[in-house]
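My questions are about this predicted structure, shown below with the sequence.
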There are 2 protein chains.
Amino acid sequence: MSLVAVGTVAFDDIETPFGRAEKVIGGACTYIALAASCFVQPVRIVSVVGGDFPEETLELLKNRGVDLDGLQRRPGEKSFFWAGKYYRDLNTRDTLDTQLNVLADFDPVLPPAYREPEFLMLGNLTPMVQMRVLEQLERRPKLIAMDTMNFWMNTAMSDLLQVLKMVDVLTINDEEARQLSGEYSLVKAARVIHQMGPRFLIIKKGEHGALLFQGEEVFFAPALPLADVVDPTGAGDTFAGGFMGWLASTGDISMPNMRRAVVYGSAMASFCVEKFSVERLQEVTPEMIHIRIKQFADLVHFKL
Amino acid sequence: MSLVAVGTVAFDDIETPFGRAEKVIGGACTYIALAASCFVQPVRIVSVVGGDFPEETLELLKNRGVDLDGLQRRPGEKSFFWAGKYYRDLNTRDTLDTQLNVLADFDPVLPPAYREPEFLMLGNLTPMVQMRVLEQLERRPKLIAMDTMNFWMNTAMSDLLQVLKMVDVLTINDEEARQLSGEYSLVKAARVIHQMGPRFLIIKKGEHGALLFQGEEVFFAPALPLADVVDPTGAGDTFAGGFMGWLASTGDISMPNMRRAVVYGSAMASFCVEKFSVERLQEVTPEMIHIRIKQFADLVHFKL
């Protein structure tokens, strides 16, 4: 089934305890698309880049089954840029620099072929931009998922609440779930957030795994314990991409399949963090995914 | 099969964001014994209390199947006392007061019936005291588990390393595993700690669950997402008690049963945190455990 993904395509400078990477490919939409395209093709992306964005990277995305018709290019301008530094635990990071550039006045335009997707992933962006995408849809998708962050809760809460009413799945981290709901317990936070609109809530806890809530039903998928985590950038977006890619490839949004989708998302995220930028995601094959999914199954397996 | 548990029996003052409890029953051995006695009886405890310790609490322990023959009583002295305050996340706490009292010169003495246990749980104590218990054994138990903490790594590392050589299972939290091994990755930490002696390593991550490592095999059990967590005191000890109680009741230390034991430990810990002190543990019935184990199974269930 068709999948549209909206978000940033960008450059990152990344520093982790294990090394540095300068002006590497980043952006939520890039990670989402590369992960999702392992399950469903084409992945139609809605984003914007400047004239500085390398043609060969766009070729690479095309070769992985990403449809670039919704990617705006602005020759005289610069792409979105983010610089961040991770600390020893890799769960905390400082943003060192953010240059919006082409993103500052980004107005997403959906090409005709994009306006009736069955699955839509709204990557982390200004809530108003996410709304602009929803306004251009000619039919309600089977499932709309969105990501957001604490920054929008602090600066654009009423817009955010408007978008939340219109989506089915919200993916946020544990601290954001607490901030959004005003509840410390994630079980209580989920109840509050369900009331805001999303009937599915995914709380991403980084190395501590992910929780899926639907009503009073809860599913938990651990993160795979890895010997070497090199760069966590994009892990959450990769998770979302794997999750939505799996759902779009099966067309099944029942809870048993949503549980499976969370595991596929976690598996994709476990690849993402093994190398800098999108390097590892480009190497992933169906067989590698298959092996990793079995590792997830074994990790939590017990018999009563 | 027989189980001996060593550790503190004490008083606690506890402050959490949800309330206060003063001079309530605490101590690692108390939690271990109450949890383990849900699976195997008697649980033979080795500990020490002062004359201030209430007779009715000792009666209560007896009624739950705890054998007090190894509990020393010192009429003119005071019991071990700990006061702590938890912060909003319940994962961090400050120790406000520690009064060793009877624990200061505690020399554990194993009654004859205690000297050939099949399962032995060494609760968190001075490594030398743990060693004194091992010296009195007349036969090597089928399985020896020990708990320890960062304090002993900072103050008695060489003693600790001696004890580690003699045990099968080590239970510590994630920060302690990192400190003990010098490795940030828990996968690498496990490899280092296996070399120190314990062939099984359990890393307790509080609300983020628990990992069991044996060689390159890893099992993960999440913590049950709870709407109300009131007091995390003793959750780690309760986990250890449930874990060892299950193993002692089945006599099976194969990895499939160790996985099951981790789930039983997690289930017992999930009860512990629902009320202050040992209050909730006293209410637990086999049926309540059964229901909770099913919740754990459902929480991680997915079908490929």
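Here it is on my side, so go on.

which helices and strands does the worst-scoring helix or strand of chain A on mean pLDDT pack with?
The weakest-scoring helix or strand in chain A, judged by mean pLDDT, DSSP states H and E, is strand A:93-99 (a mean of 93). Strand A:93-99 is packed against strand A:10-16, strand A:80-86, with contacts defined by 3 or more Cβ pairs under 8 Å, 6 or more residues apart in numbering or on different chains; DSSP states H and E. No exception for glycine: its C-beta is placed from N, CA and C like everyone else's.

need the residues of chain A near chain B, please.
A:17, A:88-89, A:184-188, A:205, A:208-209, A:211, A:218-222, A:225-229, A:256, A:259-260, A:262-263, A:293-294, A:297, A:299-304 (Cβ under 8 Å from any Cβ of the partner chain).

Strands along the stretch 151-300 of chain A, start to end?
For the stretch 151-300 of chain A, the strands defined by DSSP state E, counting those that start in this stretch occupy A:169-173, A:200-204, A:210-214, A:217-221.

Direction included, what does the first one pair against?
Listed by DSSP bridges, the sheet partners of strand A:169-173 and their directions read strand A:143-147 (parallel), strand A:200-204 (parallel).

Just put these in a markdown table and tack on mean neighbour count and mean pLDDT.
Formatted as a markdown table, the strands paired with strand A:169-173 follow (neighbours: other Cβ atoms under 10 Å in any protein chain shown; pLDDT from 0 to 100):
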| stretch | mean neighbour count | mean pLDDT |
| --- | --- | --- |
| strand A:143-147 | 25 | 98 |
| strand A:200-204 | 25 | 98 |
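
what bridges to the residue nearest to A:T92 when sequence neighbours are not counted?
Distances taken as Cβ to Cβ, 6 or more residues apart in numbering or on different chains place A:Y86 nearest to A:T92, at 7.3 Å, with adjacent residues excluded. When assigned by DSSP bridges, A:Y86 has beta-bridge partners A:R93.

A:Y86 against A:R93, yeah?
Yes: the criterion here is Cβ atoms under 8 Å, and A:Y86 meets it with A:R93 at 4.6 Å.

Would you state the strands of the stretch 1-150 of chain A in chain order?
A:3-6, A:10-16, A:19-26, A:43-50, A:66-74, A:80-86, A:93-99, A:119-122, A:143-147.

quick one: the residue in the stretch 1-150 of chain A that chain B sits nearest to from B:T238, how far?
Among the residues of the stretch 1-150 of chain A, A:R88 lies closest to chain B, at 6.3 Å counting by Cβ to the nearest Cβ. Using Cβ to Cβ, to the nearest Å, A:R88 is found at 30 Å from B:T238.

These two: who's more crowded?
B:T238 (31 against 10; other Cβ atoms under 10 Å in any protein chain shown).

dump the residue contacts of the residue nearest to A:M196 when sequence neighbours are not counted.
Of all residues not flanking A:M196 in the chain, A:L164 sits nearest, at 4.7 Å (Cβ to Cβ, 6+ apart). Shown in contact with A:L164 (Cβ atoms under 8 Å, 6 or more residues apart in numbering or on different chains): A:146, A:170, A:193, A:196-198.

now A:V6
A:29, A:45-47, A:108, A:120-123, A:125, A:129-130, A:133.

mind redoing it with 10 Å?
Neighbour list for A:V6: A:28-29, A:32, A:44-47, A:70, A:108, A:110, A:114, A:120-125, A:129-130, A:132-134, A:146-147 [criterion: Cβ atoms under 10 Å, 6 or more residues apart in numbering or on different chains].

What of A:R74?
A:48-53, A:101-102, A:105-106 are the contacts of A:R74 under Cβ under 10 Å, 6+ apart.

For the residues you listed, which single residue is the most surrounded?
Most surrounded of the contacts of A:R74: other Cβ under 10 Å gives A:V49, at 27 neighbours.

returning to what we had before: CSV for the strands of the stretch 151-300 of chain A, including distance to B:T8?
Below are those laid out as CSV (distance: least, Cβ to Cβ, whole Å):
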stretch, distance to B:T8
strand A:169-173, 37
strand A:200-204, 36
strand A:210-214, 34
strand A:217-221, 33
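
Verify the stated contact: A:F119 with A:A240.
No: taking contacts as Cβ atoms under 10 Å, A:F119 lies outside contact range of A:A240: 11.3 Å.

so what's in contact with the two at the same time?
Common neighbours of A:F119 and A:A240 (Cβ under 10 Å, 6+ apart) are A:5, A:36, A:145.

If the first one is in a bridge, with which residues?
For A:A5, the beta-bridge assignment (DSSP bridges) gives partners A:I45, A:M121.

Compare A:Y86 and A:R93 (neighbour count), which wins?
Taking neighbours as other Cβ under 10 Å, A:Y86 and A:R93 compare with A:Y86 leading, 19 against 16.

and the biggest helix by length in chain A, which residues are buried?
If you go by DSSP state H, chain A has its longest helix at helix A:255-272. Within helix A:255-272, the residues that count as buried by 16 or more other Cβ atoms under 10 Å in any protein chain shown are A:257-272.

which residues does A:P112 contact?
Going by Cβ under 10 Å, 6+ apart, the list of residues near A:P112 reads A:69, A:138.
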